[in-house]
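Participant: Take a look and give me a structure for this.
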Amino acid sequence: MNRETTRMKLQEALITGNQALQTLYAARKNISEICGRQSFYKSGGGLFKTLVNHSRIHQTIHLIEDAKKDLYIFQMNLKEAKQDLELRVETDCFLSFTNFFFDGDVADYLVPREILNTLDQIDDAIWHVEQILDHTKHKMNSQKTFA
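Facilitator: The predicted structure follows:
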């Protein structure tokens, strides 16, 4: 692959990587808002609690699914650019907290814990994508210098 083709593939990877990053940021924002509401929920909330939680969780699930797709496309673009990086983000466990979403005392304990675990996983994914994007930008800039 010539330098210009490699440069174009790196640009595509940067675009898709940034898209994945923006989707992950949006998912993190939703999860953080859910976490911020937990103290209110413990003091009551009833139907309101359930409706708001369901709405936020469904939004977050859609964002996480979008992030998975974006990360896959990012990984494919990196491979096409013959990058020696592997995108290792465990996306399968992002949705584990939804399995515990039900009413009752057990849910009051499990859901916040699973939400926090999901937040940690999203933060890890963001960190990895940021590192790969930085490396890709550096590689692209070094190709400009030598071109």
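
Participant: Kindly list the longest helix within this protein.
Facilitator: Counting residues, the longest helix in the chain under DSSP state H turns out to be helix 105-146.

Participant: So which elements touch that one?
Facilitator: Secondary-structure packing of helix 105-146 (3 or more CB pairs under 8 Å, 6 or more residues apart in numbering; DSSP states H and E): helix 3-42, helix 46-80. The C-beta positions use only the backbone N, C-alpha and C, and glycine is treated the same way.

Participant: Mind listing what's buried along stretch 60-78?
Facilitator: Across stretch 60-78, burial judged by 16 or more other CB atoms under 10 Å covers 60-61, 63-64, 66-68, 70-71, 73-75, 77-78.

Participant: Contacts only, for the closest residue to residue 32 other than its chain neighbours.
Facilitator: What sits nearest to residue 32 in space, not counting adjacent residues and going by CB to CB, 6 or more residues apart in numbering, is residue 119, at 6.8 Å. Shown in contact with residue 119 (CB atoms under 8 Å, 6 or more residues apart in numbering): 28, 31-32, 35.

Participant: mind showing which ranges of this protein have poor pLDDT?
Facilitator: The chain contains residues with pLDDT under 70 at 1, 37-53, 83-112, 144-147.
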